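J.: heads up, no residue letters with this:
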């Protein structure tokens with residue numbers, strides 16, 4: 001699923017909840033500081049996402065190397081701008097500006113210490129953001145799912161290298177600059193009704209992912225993924241696109257210093273095969289780190305390319321067993 005962009009309001013709405021959790025856990029952490037065990041109250045629960053004493057936080061921009069059992073939900077609010085390019089005489093066709101909402105559910109099942117299955121289910125809706133947008137009426141809807149294994153290749157107390165594979169399917173009505181431009185060429189006039197095109201998209205994405213904790217307060221993640229997508233759009237030939245997606249994530253946990261809060265910073269680059277432009281992604285978030293079995297936080301992120309820009313805020317909640 002392509003994510004949409006943000007209202008930073010979502011981030012501020014979560015801050016009181018994070019504050020309440022921080023205060024509620026302060027006494028437990030004061031006791032833990034004496035014993036030196038940050039997670040004394042949850043010795044086993046959630047331990048699958050801990051390496052070298054660091055509880056790793058999954059990022060949306062790269063694959064997660066750890067084999068875990070979990071259930072989580074992600075809610076995203078955002079803004080998306082799509083350039084429609086120019087017509088056959090060079091006139092700028094403007095942009096489509098969308099306000100969007102995404103909801104995603106994620107499940108992980110750890111079958112053995114070295115093998116697990118992951119699945120996700122997602123849906124999104126986008127509407128014209130203002131009267132300057134070429135799309136000022138109607139909405140686009142999309143839904144999809146993904147499924148695949150994760151296999152640990154090598155691991156130590158503070159390092160893990162894994163292979164992942166995800167197959168996915170997406171269907172719905174999406175913005176199609178190509179169909180919009182073709183309609184202009186055929187009719188000689190702009191028809192907003194041709195902006196949305198019904199599509200079905202299959203994807204497969206094998207990847208290598210690693211996680212490393214040089215110390216309890218710091219976690220490093222990285223992944224390299226080959227992403228292949230086949231898209232069937234109404235009235236168009238099947239389009240197959242391939243890219244190599246590279247991502248890196250740094251997490252810093254201040255739980256031993258002053259508060260059970262972890263900072264996540266991620267960067268990703270999608271390097272396409274062919275003539276498509278390089279896409280960049282950035283993600284920054286704050287997460288509650290007082291309980292290793294709970295992943296709760298908020299993040300802001302953006303994806304920037306030549307034809308499309310997406311900015312969004314997200315709320316995340318996941319439980320680990």
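T.: Thanks, I have the structure now. Quick caveat: nothing in here was measured; it's all calculated off a predicted structure. Residues are numbered from 1 along each chain as shown.
J.: Okay, and the closest residue to residue 51 other than its chain neighbours sits in which element?
T.: Excluding the flanking residues, the one nearest residue 51 by C-beta to C-beta, 6 or more residues apart in numbering is residue 213, at 4.7 Å. For the C-beta atoms, the positions are set from N, CA and C on the backbone; glycine is no exception. Using DSSP states H and E, the element containing residue 213 is strand 196-215.
J.: Give the pairing partners of that strand; include direction for each.
T.: Within its sheet, strand 196-215 is paired with strand 159-175 (antiparallel), strand 218-233 (antiparallel), according to DSSP bridges.
J.: Comparing these, which yields the minimum mean pLDDT?
T.: With a mean of 92, strand 159-175 has the lowest mean pLDDT of the strands paired with strand 196-215.
J.: that's a strand at residue 258, yeah?
T.: No: Residue 258: not assigned to a strand; according to DSSP: H, G, I helix; E, B strand; the rest coil it is coil.
J.: Tell me how far it lies from residue 162.
T.: 33 Å (C-beta to C-beta, to the nearest Å).
J.: more neighbours, those two?
T.: residue 162 (25 against 7; other C-beta atoms under 10 Å).
J.: what sits against the more buried one?
T.: Neighbour list for residue 162: 63, 65, 66, 67, 150, 151, 152, 153, 208, 209, 210 [criterion: C-beta atoms under 8 Å, 6 or more residues apart in numbering].
J.: Now intersect those residues with the strands, please.
T.: 150, 151, 152, 153, 208, 209, 210 (DSSP state E).
J.: Leaving out chain neighbours, which residue sits closest to the second one?
T.: Taking C-beta to C-beta, 6+ apart as the measure, residue 151 lies nearest to residue 163, with 5.0 Å between them; neighbours along the chain are not counted.
J.: And for the fifth one?
T.: In space, residue 208 comes closest to residue 224 once its chain neighbours are excluded; the distance is 5.4 Å by C-beta to C-beta, 6+ apart.
J.: from what I can see the one you found touches residue 205, true?
T.: No: with contact defined as C-beta atoms under 8 Å, residue 224 does not count as touching residue 205 (10.8 Å).
J.: can you list residues touching both of the two?
T.: Joint contacts of residue 224 and residue 205 (C-beta under 8 Å, 6+ apart) are residue 245.
J.: of those two, who's got more company?
T.: Ranked by neighbour count (other C-beta under 10 Å), residue 224 and residue 205 place residue 205 first, with 19 against 15.
J.: residues contacting the more buried one?
T.: By C-beta under 8 Å, 6+ apart, the contact list for residue 205 reads 148, 165, 166, 167, 168, 225, 226, 227, 228, 245.
J.: average pLDDT for stretch 301-321?
T.: pLDDT averaged over stretch 301-321 gives 89.
J.: Show the model's pLDDT score for residue 101.
T.: Residue 101 carries a pLDDT score of 89 in this model.
J.: For it, grab the count of nearby residues.
T.: Residue 101: 16 neighbours (other C-beta under 10 Å).
J.: now residue 255: how far from residue 59?
T.: 19 Å.
J.: circling back to that earlier point, and the residue nearest to residue 151, how close does it get to residue 153?
T.: Taken as C-beta to C-beta, the span from residue 163 to residue 153 is 6 Å.
J.: Let's check: the centremost residue of the protein is which one?
T.: residue 60 (2.9 Å; C-alpha atoms, centre = their mean).
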